[in-house]
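Engineer: Generate coordinates for the sequence data below:
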Amino acid sequence: MMSVSVVRYMRKKRLGIASSPNIYLLKQAAGTSKIYDLDALANDIEMAGSLSKEDILHVMKSFVRSIRNVLKEGNKVRVDGLGIFYITLTCPGVEVEKDCTIKNISRVNLRFKVASTLRLVNDSLATTRSAPNNVEFVLKTETAATGDNTGGTTPPDPTNPGGDEDDPNG
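Structural biologist: Prediction:
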């Protein structure tokens, strides 16, 4: 099983409040994840099955197109074993009913609710070792080069205080 490298970082407990105490959190180490596109997924599927990469790509592109069309109609899409895709909208509140129009919708959001069968589990806390949904985490520290994985601190990332990676989809 591959492991996910995580690092410690420090930030204020209450963001934006200078007197708030510092806390340490974990986040995935920068540069340790890749973005897989349909082509890369098709390669993986081709290796495991009997379909050609071209057939797989065609099916996957059709799948994405179909999901987009269903969502554009305001419906939800359940992908068994993965979860449910749905849309929400952002609209500021107004005091007068007649001022509440579709022009007030400032954003349409794509949301995803993960299926309970897909929920990932921290392998170090899981009751069943080596289950398919277990994720193994490894704390990457400055002393990791020596093989010691128990101590050290990583300075906070000033460009990413919340620990969230940028959204690859914009």
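Engineer: what ranges of the protein fall below the confidence cut-off?
Structural biologist: Applying pLDDT under 70 to the chain flags residues 1, 129-130, 142-170.
Engineer: quick one, strands of it?
Structural biologist: Ranges of strands within the chain are 3-12, 22-28, 77-79, 83-90, 107-114, 121-122, 134-139, based on DSSP state E.
Engineer: tell me the angle the lengthiest helix in the chain makes with strand 83-90.
Structural biologist: Secondary structure of the chain per DSSP state H: the longest helix is helix 53-72. Angle, helix 53-72 to strand 83-90, by axes from the mean of the first three to the mean of the last three C-alpha atoms, to 10 degrees: 40 degrees.
Engineer: Quick check: buried residues in helix 53-72?
Structural biologist: 56-57, 60, 71 (16 or more other C-beta atoms under 10 Å). Placement of C-beta: from N, CA and C, glycine included.
Engineer: and of those, the nearest to Ile105?
Structural biologist: Checking these against Ile105 by C-beta to C-beta gives Leu71 as the nearest, at 15.2 Å.
Engineer: give me every residue that touches the closest one.
Structural biologist: 77, 85-87, 110 (C-beta atoms under 8 Å, 6 or more residues apart in numbering).
Engineer: Tell me the one of the buried residues of helix 53-72 nearest Gln28?
Structural biologist: Met60 (25.8 Å).
Engineer: The closest one: what's it in contact with?
Structural biologist: Taking C-beta under 8 Å, 6+ apart, one finds 38, 41-42 in contact with Met60.
Engineer: So among the residues you listed, which ones count as buried?
Structural biologist: Ala42.
Engineer: Please flag which of the contacts of Met60 sit within helices.
Structural biologist: Filtering these for helices - DSSP H - leaves 38, 41-42.
Engineer: rewinding a little: and the longest helix of the chain with strand 107-114, angle?
Structural biologist: Using the same axes, to 10 degrees, helix 53-72 lies at 120 degrees relative to strand 107-114.
Engineer: and Met2, what does it touch?
Structural biologist: Glu136 are the contacts of Met2 under C-beta under 8 Å, 6+ apart.
Engineer: Could you check how far it is from Asn134?
Structural biologist: 11 Å (C-beta to C-beta, to the nearest Å).
Engineer: Likewise for Asn109?
Structural biologist: In terms of C-beta to C-beta, Asn109 sits 30 Å off from Asn134.
Engineer: These two: which is more packed in?
Structural biologist: Asn134 (16 against 9; other C-beta atoms under 10 Å).
Engineer: Now the residue lying closest to that one once chain neighbours are set aside, what are its backbone angles?
Structural biologist: In this structure, Asn134 finds its nearest non-sequential neighbour in Asp123, 4.1 Å apart by C-beta to C-beta, 6 or more residues apart in numbering. The phi/psi pair for Asp123 (degrees, to the nearest 10) reads phi -60, psi -30.
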